[in-house]
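Participant: Structure for this input, please:
(one chain, ligands or ions: 1)
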Amino acid sequence: MKLWSGRFTKATDKLTEDFNASIATDSRMYRQDILGSIAHANMLAKQGILSAAECDQIVSGLEEIRAGIEAGQLDFTVEAEDIHMNIETLLTKKIGNLGKKLHTARSRNDQVALDVRLYLRDEIAELRKLLLTLEEALLKLAREHTDTIMPGYTHMQRAQPITLAHHLMAYFEMFRRDIGRLDDCTKRLLSMPLGSGALAATSFPLDREYIREQLGFSEVTRNSLDGVSDRDFAIEFCSFASIMMMHLSRFSEELIIWSTAEFSFIEFDDAFSTGSSIMPQKKNPDIAELVRGKTGRVYGDLLTLLTLMKSLPLAYNKDMQEDKEALFDAVDTAKKCLLVFAPMLMTSRFNKSQMAESARGSFTNATDLADYLAAKGLPFRDAHETAGRAVLFCINNQLSLEELSLEQLQQFSGLIDDDVYKYLDIRECISRRIIRGGPAPETVKTALQEADKWLEEMKNE
Ligand code: ARG
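Facilitator: This next block holds a predicted model:
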């Protein structure tokens, strides 16, 4: 019998039942559902709506059900539709009619709003740890490569020399912002909706603050209509996840390019690569490619939620049941990608000589020649023109700038002196860039120290 069968004269069609049920998806929230129900029961007892003995029986019943689910001894049914009614049904089976009192002054609408928030809070804690682990890995790797020279690119053309550490720290910054977004989303997530009822709150004298406190939320929702129909927190989470995946995807893309024979900057470890079923020589960067590919599905999850919510009138509508598949998929995908990414990165071998070799080719020191002239008083536009002519000369004669003799260089500008060679040295090009945010090894070391400090603070939060 349905928990809502009173006004019905017919049994639910099997098709309706299957179509309407969400238990296959929302069963994963069983712990949160039970946690919320225990807090609700405790509050009902505190307010004298349940007796202390009734509350005890309900709470221990719920705890036994949790243990039973975890031991694989209890089955959910499609007849009971969703996780909320499944647990309530199991409770009534276990403790009898008293189980039916649990839903006093509560609706599945505020119940599900609470459960999803509780669920997301747990998952956010996991994701935050995974992000911090990735940050730690990046710092470790960067520390090893403050002197590893590589070309920096714009338009995928070699532009100016940088170090691998500096490049890695760019990703550190991206993930740092992601952690900020995660923390920011948590602030609004921790608003406790129970007491909103179906939509119009309740006439029972509930103590909403007491539930909030038990569950560790920071505030209670301020409007019952909004309390049951707000899914902003899920959308904010998926925005975080989408942006974070975009960062992982950019990183993956770079690693994939770097692993090509044409670049040969890195080699993925065998344990984090795969082979080809036909070409015996192949070693493919499937893991990085999959991270890049899975980014699309997380964007899809965000779009699903935004589209789901865009035309919903207040308050609850069943459309909202569709939020969970997208949200869970975003959580699962983000977690899986973060989990595999850090070890994949850390086991990669970096071909330092190839990276330095690439930085030395293609005139990545041309800007420094222009800067040299500008520092000697030539207006930068003219300095740029002069350096450009020197580059053209080198291209035509298959030389690099530093291979030109002083006489040859002086043909381009009388301002050029012997000290120009120091200026053209790739290592010098990098180590002169000591400005805050720059790639000079000493500057990056300072940035690493700051990053270490931040990471420690984040770990303790
Ligand atoms: N399974 C539903 C969901 O996930 C729970 C709330 C249902 N409420 C209702 N009145 N049908 O959204």
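Participant: now for the lengthiest helix in the chain, which elements pack on it?
Facilitator: Counting by DSSP state H, the longest helix found in the chain is helix 108-144. Counting contacts by 3 or more CB pairs under 8 Å, 6 or more residues apart in numbering; DSSP states H and E, helix 108-144 is packed against helix 30-46, helix 83-95, helix 164-189, strand 191-192, helix 224-229, helix 232-258, helix 323-346, helix 441-460. Any C-beta I mention is one placed from the backbone N, CA and C, and that applies to glycine too.
Participant: Hmm, Ala24 and Gln321 touching each other?
Facilitator: No: contact criterion CB atoms under 8 Å: Gln321 and Ala24 do not qualify, at 11.6 Å.
Participant: Show me which of the two is the more surrounded one.
Facilitator: Neighbours were counted for Gln321 and for Ala24 using other CB atoms under 10 Å; Gln321 has more, 19 against 12.
Participant: Now the more buried one: closest residue in space, sequence neighbours ignored.
Facilitator: Excluding the flanking residues, the one nearest Gln321 by CB to CB, 6 or more residues apart in numbering is Ser22, at 5.0 Å.
Participant: Contact partners for the one you found?
Facilitator: Residues in contact with Ser22 (CB atoms under 8 Å, 6 or more residues apart in numbering) are Glu81, Asp82, Ile83, Gln321, Lys324.
Participant: filter those by proximity to the ligand?
Facilitator: Asp82, Gln321 (CB under 6 Å from any ligand atom).
Participant: Enumerate the residues of this structure near the ligand.
Facilitator: Ser22, Asp26, Asp82, Arg108, Asn109, Val112, Tyr316, Lys318, Met320, Gln321.
Participant: among the residues you listed, which ones are buried?
Facilitator: With burial judged by 16 or more other CB atoms under 10 Å, the buried subset of those is Ser22, Asp26, Asp82, Arg108, Asn109, Val112, Tyr316, Met320, Gln321.
Participant: is it true that the second one lies in a strand?
Facilitator: When you say that, I think you mean Asp26. No: assigned with DSSP: H, G, I helix; E, B strand; the rest coil, Asp26 falls outside any strand and is helix.
Participant: So it is in contact with Glu322, correct?
Facilitator: No: if you go by CB under 8 Å, Asp26 and Glu322 don't touch, sitting 11.1 Å apart.
Participant: Distance of Ile243 relative to Gln214?
Facilitator: Separation of Ile243 from Gln214 (CB to CB, to the nearest Å) stands at 33 Å.
Participant: just Met169 next, same as before
Facilitator: 42 Å.
Participant: Compare the two (neighbour count), which wins?
Facilitator: Between Met169 and Gln214, Met169 has the larger neighbour count (other CB under 10 Å), namely 24 against 17.
Participant: On the three-state scheme, Asp147 is what?
Facilitator: Under three-state DSSP, the three-state class of Asp147 is coil.
Participant: How about the contacts made by the closest residue to it other than its chain neighbours?
Facilitator: Once flanking residues are discounted, Asp147 sits nearest to Pro441: 5.6 Å by CB to CB, 6+ apart. Pro441 is in contact with Thr146, Asp147, Thr163, Ala165, Ile430, Ser431, counting by CB under 8 Å, 6+ apart.
Participant: Give me the neighbour count for Ala271.
Facilitator: By the criterion of other CB under 10 Å, Ala271 has 9 neighbours.
Participant: quick one, phi/psi of it?
Facilitator: Backbone torsions of Ala271, given as degrees, to the nearest 10, read phi -70, psi -20.
Participant: Show the contacting residues for it.
Facilitator: Going by CB under 8 Å, 6+ apart, Ala271 touches Thr347.
Participant: That one and Pro343, how far apart?
Facilitator: Counting by CB to CB, the separation of Ala271 from Pro343 is 8 Å.
Participant: again with Gln449
Facilitator: From Gln449 to Pro343 the distance is 25 Å (CB to CB).
Participant: neighbour-wise, which of the two wins?
Facilitator: Per other CB under 10 Å, whichever of Gln449 and Pro343 has more neighbours is Pro343, with 16 against 11.
Participant: State the pLDDT value of the residue of the stretch 251-400 of the chain found nearest the ligand.
Facilitator: In the stretch 251-400 of the chain, no residue comes nearer to the ligand than Gln321, which is 3.6 Å away by CB to the nearest ligand atom. Note on Gln321: pLDDT of 98.
Participant: same deal with Tyr171?
Facilitator: Turning to Tyr171, the model gives it a pLDDT of 98.
Participant: wait, it sits on Ser252?
Facilitator: No: using CB under 8 Å as the test, Tyr171 is too far from Ser252 to be in contact (10.8 Å).
Participant: which of these two has more neighbours?
Facilitator: The neighbour comparison of Tyr171 against Ser252 (other CB under 10 Å) goes to Ser252, with 25 against 19.
Participant: mind listing what the more buried one touches?
Facilitator: Contacts here follow CB under 8 Å, 6+ apart; on that basis Ser252 touches Ala288, Glu289, Val291, Arg292, Phe341.
Participant: Try it again at 10 Å.
Facilitator: Contacts for Ser252 (CB atoms under 10 Å, 6 or more residues apart in numbering) come out as 245, 285, 287-295, 337, 341, 344-345.
Participant: Mutual contacts of Tyr171 and Ser252, please.
Facilitator: By the contact definition CB under 10 Å, 6+ apart, Tyr171 and Ser252 are jointly contacted by Leu345.
Participant: picking up where we left off before, what pLDDT is listed against the residue nearest to Gln321?
Facilitator: Per-residue confidence (pLDDT) for Ser22: 98.
Participant: I'd like the distance between the residue of the stretch 251-400 of the chain closest to the ligand and Ile83.
Facilitator: Distance of Gln321 to Ile83, given as CB to CB: 11 Å.
Participant: Can you point out the buried residues in stretch 83-98?
Facilitator: By 16+ other CB under 10 Å, the buried positions in stretch 83-98 come out as 83-92, 94-95, 98.
Participant: How about stretch 16-27?
Facilitator: Glu17, Ala21, Ser22, Ile23, Thr25, Asp26.
Participant: Out of these, the closest to the ligand would be?
Facilitator: Ser22 (4.5 Å).
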